[in-house]
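A.B. asks: Below is the sequence, then the predicted model.
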2 protein chains.
Amino acid sequence: MNALADISPAALRQQIRRGEFTGNTSGVAPGFVQCNIVILPSLWAADFLRFCQANPRPCPLIACSAAPGDTALPKLGAMDIRTDVSSYRVFRDGALINECDNITELWTDDLVTFALGCSFSFEEALLEAGLDVRNVSERVNVPMYRSNIPCETAGPFAGDMVVSMRPFLPADAIRAIQVCSRFPAVHGAPLHFGDPAAIGIENIAAPDYGDLVSIHEGEVPLFWACGVTPQVALEKAAPPLAITHSPGCMLVTDLRNAELAVL
Amino acid sequence: MNALADISPAALRQQIRRGEFTGNTSGVAPGFVQCNIVILPSLWAADFLRFCQANPRPCPLIACSAAPGDTALPKLGAMDIRTDVSSYRVFRDGALINECDNITELWTDDLVTFALGCSFSFEEALLEAGLDVRNVSERVNVPMYRSNIPCETAGPFAGDMVVSMRPFLPADAIRAIQVCSRFPAVHGAPLHFGDPAAIGIENIAAPDYGDLVSIHEGEVPLFWACGVTPQVALEKAAPPLAITHSPGCMLVTDLRNAELAVL
């Protein structure tokens, strides 16, 4: 039994703020949108915003600060972005230098926050459709790979897309494409299926991020644009300061997954 | 230039009735729904109706007679089903015995008409989406194969599904699945893609019906439930009399393809 299955996103954020909830948010407050977080100095924010807008599949922007220094994202619920994510990563000049449970002391009036959609939303829809999401059933992180599909460049932000992979039998793959097409704000339909080499993946058994999952007889790998893409672009652009959530420790919002469905 | 591109379905049916238009209706009156036609004695009609309802993917029923003997299908436009199809096939005990341009002399008050959706509708949507529909670009009939996917049986009507095949690159295949999902009344999304053997097709280079099309490097075959399925079921059930359209000589209706789109 998951005692956190029924918690409201607002109550969860309060627990996180008080240090009572730590760690991974996978499966917590089901039905609600969880977001990738990117926080940047204002000088870098305009280019990053353009990068997201030019690459909506890997970087589906759901909300951003109204002005530099804002700690609220009112569209996503009452919150303080400095304290309401269970774990943050701090990058200086592109290098990870720290992981911490709040960023109050790092905060300045110059920082801009971006909240990007995350695959948890469409995975929930796939599970509701009765499909076996392998990384969920095998209780591991989804396998992710560097592809050779280029992102559109925006200022210092550039790079190839990172893709996540989930295997399905063809009939289930068709159903998965239909289900995910309803959720363009959280990566949407897959970008590719079948031959990994066609998108520059040399070895499906060696993910660049996350864990390996089983691919059963007759199954085909489906590849989705992945929210790790902006993190890689961020590391390469190497702004003096960047703050993100830690992997799996997402911002849990008041927005419902069903609100993101376009159909 | 296709002089018939602008003709209204009603005007076309008049031309057909007068014998001024003969032959294939592919590409004629674009934008309008064309139907497969099956005409049966009333004793066989209830089972065939159940067969269609149990197998909506291969047998998407769009309209049927209100009562035996009715020559009209008012939902589909003003028409006389005895004269408004350019070519009919007549089967006795499951065997093709004649092909003719009207069935006035065969008509009785006991006959029931069924109009089933046809792939022309979703092919038009695929073309509008900028996709290359290979059988269209190569100007041949779509290749069709007997699969091992069983239909649900209804009385004497039974058999495996016939599928049509169109090849696409994976990214276009994903788009094709999205586009066709909008049209459940005309076969809808594909049933399968990739390995033909997984659905009992031994040799993709040897279609059971229609023509072979090129499959280019990197392309994947997509398989749709096909309107030839009910014809095969009909031949096996072998009613004393059955009348269908001739292949490619569809009933052109006043219904717009856009009216069938569910999204």
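C.D. replies: Perfect, thanks for sending it.
A.B. asks: Going by C-alpha atoms from here, please, whenever you check contacts or count neighbours.
C.D. replies: Fine.
A.B. asks: So which elements touch the helix or strand containing residue A:243?
C.D. replies: Residue A:243 is part of strand A:242-245, with elements assigned from DSSP states H and E. Helices and strands touching strand A:242-245, by 3 or more Cα pairs under 8 Å, 6 or more residues apart in numbering or on different chains; DSSP states H and E, are strand A:32-41, strand A:88-92.
A.B. asks: so which of the ones you listed is the most packed in?
C.D. replies: Greatest average neighbour count among the helices and strands packed on strand A:242-245 goes to strand A:32-41 (a mean of 25), per mean count of other Cα atoms under 10 Å in any protein chain shown.
A.B. asks: From chain B, how far off is the nearest residue to residue A:138 once chain neighbours are set aside?
C.D. replies: Leaving aside its chain neighbours, residue A:138 sits nearest to residue A:213 (7.2 Å; criterion: Cα to Cα, 6 or more residues apart in numbering or on different chains). Distance, residue A:213 to chain B, by Cα to the nearest Cα, to the nearest Å: 21 Å.
A.B. asks: what's the burial count for residue A:127?
C.D. replies: Counted by other Cα atoms under 10 Å in any protein chain shown, the residues lying close to residue A:127 total 14.
A.B. asks: In contact with it, which residues?
C.D. replies: Taking Cα atoms under 8 Å, 6 or more residues apart in numbering or on different chains, we find residue A:127 in contact with residue A:133.
A.B. asks: what separates it from chain B, distance-wise?
C.D. replies: 19 Å.
A.B. asks: quick one: low-confidence parts of chain A?
C.D. replies: Residue ranges of chain A with pLDDT under 70: A:1-5.
A.B. asks: Tell me the residues of it that contact chain B?
C.D. replies: Residues of chain A lying near chain B by Cα under 8 Å from any Cα of the partner chain: A:170-171, A:174, A:177-178, A:181, A:189-194, A:198, A:218, A:263.
A.B. asks: Tell me which of those residues fall in strands.
C.D. replies: A:192, A:193 (DSSP state E).
A.B. asks: could you measure the closest residue to chain B within the stretch 1-150 of chain A against residue A:208, distance?
C.D. replies: Residue nearest to chain B within the stretch 1-150 of chain A: residue A:149 (11.9 Å; Cα to the nearest Cα). According to Cα to Cα, to the nearest Å, residue A:149 and residue A:208 sit 15 Å apart.
A.B. asks: quick one, domains of chain A?
C.D. replies: A:9-118+A:238-260, A:120-229 (automatic domain parsing).
A.B. asks: What ranges does the stretch 51-200 of chain A have for its helices?
C.D. replies: Using DSSP state H, counting those that start in this stretch, the helices of the stretch 51-200 of chain A run over residues A:120-128, A:134-137, A:170-181.
A.B. asks: For the residue nearest to residue A:138, list the residues it contacts.
C.D. replies: Residues near residue A:213 by Cα under 8 Å, 6+ apart: A:134, A:135, A:138, A:140, A:142, A:143.
A.B. asks: Pick out the residue closest to the middle of chain A.
C.D. replies: For chain A, the residue nearest the mean C-alpha position is residue A:118 (3.5 Å; Cα atoms, centre = their mean).
A.B. asks: Who are the contact partners of it?
C.D. replies: A:33, A:34, A:35, A:36, A:186, A:187, A:227 are the contacts of residue A:118 under Cα under 8 Å, 6+ apart.
A.B. asks: could you dump the helices of the stretch 51-200 of chain A to TSV with distance to residue A:154?
C.D. replies: Compiled in TSV, those are given as follows (distance: least, Cα to Cα, whole Å):
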stretch	distance to residue A:154
helix A:120-128	27
helix A:134-137	32
helix A:170-181	26
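A.B. asks: Now for residue A:156, how many residues are close by?
C.D. replies: 16.
A.B. asks: Ok, residue A:193 next?
C.D. replies: Other residues close to residue A:193 by other Cα under 10 Å number 25.
A.B. asks: Could you do residue A:174 as well?
C.D. replies: Counted by other Cα under 10 Å, the residues lying close to residue A:174 total 21.
A.B. asks: Could you find the closest non-adjacent residue to it?
C.D. replies: Closest residue in space to residue A:174, ignoring its immediate chain neighbours: residue B:177 at 6.9 Å, by Cα to Cα, 6+ apart.
A.B. asks: Appreciated, that's everything.
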